Structure formats: structure tokens, C-alpha cells
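Engineer: Okay, here's the prediction I keep looking at, along with the sequence it came from:
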Amino acid sequence: MDAPGLLEVLKRRTGFTEAHAQVLKGLGGLMTPIAFEVALAFYDYLGRDEEMAAILHAVPGRVERLYATFVRWYEELFSGTYDGAYAERRRRIGLVHARIGIGPQHMIPAMGIVQELSLEHLRTALRSFEVFPAVEAFEKIVAIELALIEESYLEALELGLRAGHREVREALVAGARALLEAS
């Protein structure tokens with residue numbers, strides 16, 4: 001997967017421009033303070049699923065580390081810098097999720113929590129004329145995020161299947177493990 005190349009394609013497809021990047025950067029001071037609150041809601045949502053709870057709590061301290069990782073990820077949404085390195089970090093996020101067994105069927109619905117809380121905060125914290133450009137920029141970057149992460153799942157799955165794994169989850173995990181070891 002050429003994550004930087006895909007990022008450029010996704011920017012074109014979503015209409016994400018430098019103006020959107022600047023809007024997001026301008027929102028950083030407003031949005032990053034809620035990052036931990038969003039992380040709590042995100043992992044609370046995931047933890048209510050029996051399968052996800054088992055994954056989250058399989059390793060002591062994992063959830064606490066995930067909170068810190070989530071906060072950094074959330075802050076990066078509002079960095080204003082969406083380049084090749086950014087795309088590679090999103091690819092890695094997807095591969096790490098896949099390696100520990102978190103599939104898109106878990107991650108994508110949980111992203112709804114991120115969107116819900118973030119959009120509500122934007123709606124209540126901004127003046128009415130500021131809301132539309134903020135929501136537009138946020139929705140575009142979330143679409144890009146999901147596509148980059150989803151493509152990394154597909155990359156891992158394809159590699160796992162080519163390696164001879166026939167069960168989807170096993171192929172996903174094995175492919176992600178191999179890709180992470182190679183990078």
C-alpha cells in the first residue's frame with residue numbers, strides 16, 4: 001500500500017483542500033482539550049462488546065496505553081499537517097489494530113462515537129457561521145482516516161490470504177503481523 005499516494009487520491013476524492021487543513025488546525029485549541037473525554041467514550045463503547053473487552057483487557061495496562069495513543073491520534077486530527085508521514089501513521093494504526101484482532105467491524109462503528117462527540121462539541125462551542133466550515137473539514141478528515149485505516153486492513157488480509165491462511169481473522173492477524181515486522 002502506498003499510503004502517501006492514497007492520501008493524495010483521498011484528498012482529491014473528498015475535496016479536502018489546504019483551506020480545510022487550516023480550519024482543522026484552527027480548531028486544535030478548541031478540540032484537543034476534549035481528547036481524553038472522547039477516548040473514554042470510545043473505549044467505553046468498545047468495552048461493552050464482549051469480544052472487544054477481551055481484546056482490550058488481554059494485556060495488563062493495554063487500555064491505559066490505548067488512551068494515551070488515542071489522545072495523540074485525536075490531537076493529530078487537528079494538526080493541520082496531512083502529509084505522507086501522516087498517511088503512514090494511519091496505515092500503521094490499521095495494521096496494529098489488525099494484528100491484535102480489532103477488525104473494521106469494531107473500529108468503524110466506534111468512530112461514530114468520535115464523530116458524535118466531536119460534532120456536538122463543535123456545534124455548541126462555535127458561533128453559528130463557524131459551524132459549517134468546521135463540520136465540513138472534520139467530516140472530510142474522518143472520511144480520509146477511515147479509508148486509510150481500512151486500506152491497511154485490506155493490505156494485511158490480502159497478504160495473510162496469499163500466505164495460505166484461509167480463515168479471515170487468522171489471515172488478517174498474520175498479514176498485519178508480517179507487514180509490521182517488515183516495516
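Structural biologist: Everything's here; your move. Numbering: from 1, shown residues only.
Engineer: Who are the contact partners of Leu77?
Structural biologist: 24, 31, 138, 141-142, 145 (CB atoms under 8 Å, 6 or more residues apart in numbering). In short, each C-beta sits where N, CA and C put it, glycine included.
Engineer: Among the residues you listed, which are located in helices?
Structural biologist: Using DSSP state H, 24, 31, 138, 141-142, 145 are the members of the contacts of Leu77 that sit in helices.
Engineer: Reformat those residues into a markdown table and put distance to Arg48, neighbour count and pLDDT next to each item.
Structural biologist: Putting those into a markdown table (distance: CB to CB, whole Å; neighbours: other CB atoms under 10 Å; pLDDT from 0 to 100) gives the following:
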| residue | distance to Arg48 | neighbour count | pLDDT |
| --- | --- | --- | --- |
| Leu24 | 30 | 22 | 98 |
| Met31 | 25 | 21 | 98 |
| Phe138 | 25 | 22 | 98 |
| Ile141 | 27 | 23 | 98 |
| Val142 | 22 | 18 | 98 |
| Glu145 | 23 | 21 | 97 |
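Engineer: Ala174: which of the residues you listed is nearest?
Structural biologist: Set against Ala174, the nearest of the ones in helices among the contacts of Leu77 by CB to CB is Glu145 (24.7 Å).
Engineer: quick one: that closest one and Phe16, what's the gap?
Structural biologist: Separation of Glu145 from Phe16 (CB to CB, to the nearest Å): 11 Å.
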